[in-house]
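Asker: task: produce atomic coordinates for the following.
(2 chains)
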Amino acid sequence: MSTPSTPPSVPPSTPRSTPPVKSSDDYFNSSRIKVIGMITAATVAVGALGGIAGIAFDPKPVGKDHVIQPGSGSGSGSGTRLGPQSLGGPGNSSPHGRDARSPFTSRVPSADVTSSPSSVGSVSPGTGGLTGSPSDSTEQPVPTQDGTPTNTDGSGTTIEATDVDIYVPPNWHVDFQDENRVFQSDDTGNFSFAFSYASGDPSTAAGDVITQNLDNLLPAENYTQLQTSDVQTLDPFGSVVSLAGIEYEALWVDNQGSVSIHGQIYVGVRQDGTVLGILVEHVPAEDFEAAFPDLTPILDNSFNRFGGVG
Amino acid sequence: MACPTCSSDNPEVASFCYRCGTSLRAGDANRMATYAVQSAEGVAQFALISTVMPHTSRRSADNYRWALILSGVLILGATALGLLPIAIAAAAFLVPLTYLVYVDDVNLWEEAPAAVVVGLFVATGALSVLVSLFFFDWVFDGQWAQIAGGGRARGGIGSLSFPALLIFAVLLPVIAEVAKNIFAVLLAARPQFDDMIDGLTFGVAAGTAYAAFETCVVYAPVFTSQTFQTDQGISSWLVVVLNVMVIKSLIYGTATGIAVASFSGKGEGYDGFTPAYYANFGLAVGANVAYWLGVRLMAYLPFGNALGLIWGFAILAALVLKIRMMLQVALLEAAVEAAAKGDGSDDKRSTFVETFCPECENLLLTNASFCIVCGTSVRSTSRQARAAMGMRHVPVTVGAAPPGPPALPPAEQDAAPAEDGDA
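Answerer: Residues are numbered from 1 along each chain as shown, chains lettered A, B, ... in the order given. Down below sits the predicted model:
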């Protein structure tokens, strides 16, 4: 800045009065210390209020006994609910403070990092349609006006790479599909994501597939405060030789907001080496129990079909 | 020396015309090198403090700079420790709280502190809560869940819900901008707040208040989470907290500031709902829509949150430059017009007694609208400074005095010019 430190020597008019202030500091109400102190103190105070709110407002913990036994053969969405499982954090320990962490790791460690579950192959065609009264048809969902496939009676859609059928319940719509994946939702906070591929190895443990894919299914960039249950080994049935499930809860976040999410992941391995994984989740987490009956038909019907018992 | 623009007589040593602010230096006729609000900066310079707090001086701006840095470090520290409820609450309110301190520091609220505080911060905040609950919880919660919990990580952009995108990246910014403008415009229409800089200040205050309360609603799960402290996703949260604390707050503030400043207009009184206001309101809406569209679409890319932050910074930089250009043009044009008219319409905005320039501390001449040494506009000074300069002592009848030899202030006011009202 080129500002001379001396006043102009020849002002256009004679000074009429003594300058009423001694320096420009008098032009402001607050001193430097006061400004910095007030802003910092106010920030700390608001942060403390946020902390109090974080302690005071805790919803009722969501139960941890939702993992079901898909493939009961009923195909009605009434899979057998297994015993309560530990889900890190909520309900298992003090919900606040550093000691609130579950004894279970927040990100399940991979059981076998050498095997890759992502190879894609082909499998033999399925043996029948989806089960359950609303889903005896394998017709594709009818596209809606905005281009999103939806259906009113329940239907199915096929993962092309493995020819595995995924049940689409009434009033759900398929939002995205490619040769290995199907993503569907129902506009009420319910979501389901299914993936399938041919591993070529029927001895693949379903639990390992879950642990190896957890970071992909629940990316750490968005799924924070992730708490998971143990991977539960479930009873195989039909042509399914390995079956496992896991339950989780997380705080999803991005630049526009955050939501609490509660969900489950099931993976089955068939005797021909085909892997089917289905993730179901609900937003917000506290409503998961109420929404769970809307999610189980996807698991039951899809795994029944996958195991050839539907 | 006669000013080439308004023909006013200036001292030979003057670098700027004391009446119209024209640069008398060779080669700087358009004054792009010297910002009329804070002469140490260029016009096309990305300087946040002097842009959103135009009544500060170079020295007092440092106070806010250090306060924001210190508070920001504390907030990011809390985030790094995983204390999310503390970090989000403090980040949401950092800029609005700073603005409240600023408004008090420069005595902007004059005789209407309740109107400024309640009308701007509380009422705009209440509107923000209502609009946010309407969109995120009451009516479009299903669509919000499509965006938030959907298959973004699994289905990629192919799973993007177009209706949800329109609702949260287009419709919401339009409604929100209306809500941000309401109380700021009401204040800017009051006679004591008719300056463009006042309009800008109220717009920024309303925008940042809206952002703070909206943040509390959309990040409410942080406060109701079962886990108070986390060690997961800290890098994501650092990006989010930076966005909430700086980018989002200032985009909302500067965009609304531009709209409300054009409501005030550059001259005496407020311009009102002119085509210029609607154009700048559209600009504010467009900036918000561009910001949220970018955030939403970049979220499907790797490191989407960080890319959204960078995108927001680019939008903010454009808005800051727009404000600086707008104020520069308005301050200079209004002074030229007033000097040309010679009807005394600029008396309310020029010195009535000799005093010090808040920026360079050289003498300001009587009847001056600009410092002849550094070129700072006296319209950008604080209310206390204006009182010290005798602006508020100008009788209505003196307004007709022609430019040139300054009018004499009343003798009794020379002794204690700062005793007026709440100065």
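
Asker: in the stretch 201-310 of chain A, which spans are strands?
Answerer: Taking DSSP state E, counting those that start in this stretch to define them, one finds strands in the stretch 201-310 of chain A at A:223-228, A:232-234, A:240-254, A:257-270, A:274-282.

Asker: as CSV, those with mean neighbour count, distance to chain B and mean pLDDT would be great.
Answerer: (Glycine included, C-beta is placed from N, CA and C.) Formatted as CSV, the strands of the stretch 201-310 of chain A follow (neighbours: other C-beta atoms under 10 Å in any protein chain shown; distance: least, C-beta to the nearest C-beta, whole Å; pLDDT from 0 to 100):
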stretch, mean neighbour count, distance to chain B, mean pLDDT
strand A:223-228, 27, 3, 89
strand A:232-234, 19, 21, 93
strand A:240-254, 25, 5, 93
strand A:257-270, 26, 3, 94
strand A:274-282, 26, 6, 95
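
Asker: with distance to B:P221 added, can I get those in JSON lines?
Answerer: Shown next, in JSON lines, are the strands of the stretch 201-310 of chain A (distance: least, C-beta to C-beta, whole Å):
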{"stretch": "strand A:223-228", "distance to B:P221": "10"}
{"stretch": "strand A:232-234", "distance to B:P221": "27"}
{"stretch": "strand A:240-254", "distance to B:P221": "6"}
{"stretch": "strand A:257-270", "distance to B:P221": "5"}
{"stretch": "strand A:274-282", "distance to B:P221": "14"}
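
Asker: which of those strands sits closest to B:A115?
Answerer: Closest to B:A115 of the strands of the stretch 201-310 of chain A, according to C-beta to C-beta: strand A:257-270, at 31.6 Å.

Asker: who does that closest one touch, helix- and strand-wise?
Answerer: The elements that strand A:257-270 packs onto, with contact taken as 3 or more C-beta pairs under 8 Å, 6 or more residues apart in numbering or on different chains; DSSP states H and E, are helix A:206-217, strand A:240-254, strand A:274-282, helix A:288-307, helix B:141-148, helix B:220-224.

Asker: out of those, which comes closest to B:L68?
Answerer: For the helices and strands packed on strand A:257-270, the distance to B:L68 is smallest for helix B:220-224, at 22.2 Å, taking C-beta to C-beta.

Asker: which stretches of the stretch 1-150 of chain B aren't confidently modelled?
Answerer: Applying pLDDT under 70 to the stretch 1-150 of chain B flags residues B:29, B:111, B:149-150.

Asker: spatially nearest residue to the residue nearest the centre of chain B, not counting backbone neighbours?
Answerer: By C-alpha atoms, centre = their mean, the mean C-alpha position of chain B lies nearest to B:V52, the distance being 3.3 Å. Of all residues not flanking B:V52 in the chain, B:V204 sits nearest, at 5.0 Å (C-beta to C-beta, 6 or more residues apart in numbering or on different chains).

Asker: go on, A:V259?
Answerer: Counting by C-beta to C-beta, 6+ apart, the residue nearest A:V259 is B:A148, at 4.4 Å.

Asker: could you pick out the longest helix of chain A?
Answerer: For chain A, the helix with the greatest residue count under DSSP state H is helix A:32-56.

Asker: so what touches that one?
Answerer: A:30, A:96, B:60, B:62-64, B:66-68, B:70-71, B:74-75, B:78, B:83-90, B:92-94, B:97-98, B:100-101, B:105, B:222-223, B:225, B:228 (C-beta atoms under 8 Å, 6 or more residues apart in numbering or on different chains).

Asker: again, only using 7 Å
Answerer: A:96, B:63-64, B:66-67, B:70-71, B:74-75, B:78, B:83, B:85-86, B:88-90, B:93-94, B:97-98, B:101, B:105, B:223, B:228 (C-beta atoms under 7 Å, 6 or more residues apart in numbering or on different chains).

Asker: ok, stretch B:310-320 next?
Answerer: By C-beta under 7 Å, 6+ apart, the residues outside stretch B:310-320 that reach it are B:46, B:48, B:51, B:243, B:247-248, B:250-251, B:254-255, B:258, B:287, B:290-291, B:294-295, B:298.

Asker: swap in stretch B:262-269?
Answerer: For stretch B:262-269, contacts defined as C-beta under 7 Å, 6+ apart pick out B:185, B:188, B:194-196, B:198-199, B:270-272, B:276-277, B:280, B:330, B:333-334, B:337, B:345.

Asker: quick one: end-to-end length of it, please.
Answerer: 12 Å (C-alpha to C-alpha, to the nearest Å).

Asker: got the residues of the stretch 201-350 of chain B near chain A?
Answerer: B:218-219, B:221-230, B:232-233, B:236-237, B:240, B:243, B:292, B:295, B:299, B:305, B:308-309 (C-beta under 7 Å from any C-beta of the partner chain).

Asker: let's go with 6 Å and repeat that
Answerer: For the stretch 201-350 of chain B, the contact set with chain A under C-beta under 6 Å from any C-beta of the partner chain comprises B:218-219, B:221-228, B:230, B:232-233, B:236, B:240, B:243, B:295, B:299, B:305, B:308.

Asker: follow-up on the earlier one: okay if I get the helices and strands packed on strand A:257-270 as TSV plus distance to B:V118?
Answerer: Output for those, formatted as TSV (distance: least, C-beta to C-beta, whole Å):
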stretch	distance to B:V118
helix A:206-217	48
strand A:240-254	33
strand A:274-282	40
helix A:288-307	40
helix B:141-148	30
helix B:220-224	24
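
Asker: quick check, the residue in the stretch 251-400 of chain B closest to chain A?
Answerer: B:A385 (3.8 Å; C-beta to the nearest C-beta).

Asker: where does that residue fall, phi/psi-wise?
Answerer: B:A385 has phi and psi values of phi -60, psi -40 when expressed as degrees, to the nearest 10.

Asker: dump the residue contacts of it.
Answerer: Residues in contact with B:A385, defined by C-beta atoms under 6 Å, 6 or more residues apart in numbering or on different chains, are A:27, B:358.

Asker: give me the nearest residue to the closest residue to chain A within the stretch 1-150 of chain B, chain neighbours excluded.
Answerer: When scored by C-beta to the nearest C-beta, the stretch 1-150 of chain B has B:A89 as its residue closest to chain A, at 2.4 Å. Leaving aside its chain neighbours, B:A89 sits nearest to A:G50 (2.4 Å; criterion: C-beta to C-beta, 6+ apart).

Asker: quick one on the thing from earlier: show the buried residues in the contacts of stretch B:310-320.
Answerer: By neighbour count, with 16 or more other C-beta atoms under 10 Å in any protein chain shown, these hold B:48, B:51, B:243, B:247-248, B:250-251, B:254-255, B:258, B:287, B:290-291, B:294-295, B:298 as buried.

Asker: in a helix, B:P358, correct?
Answerer: No: according to DSSP: H, G, I helix; E, B strand; the rest coil, B:P358 belongs to no helix; its state is coil.
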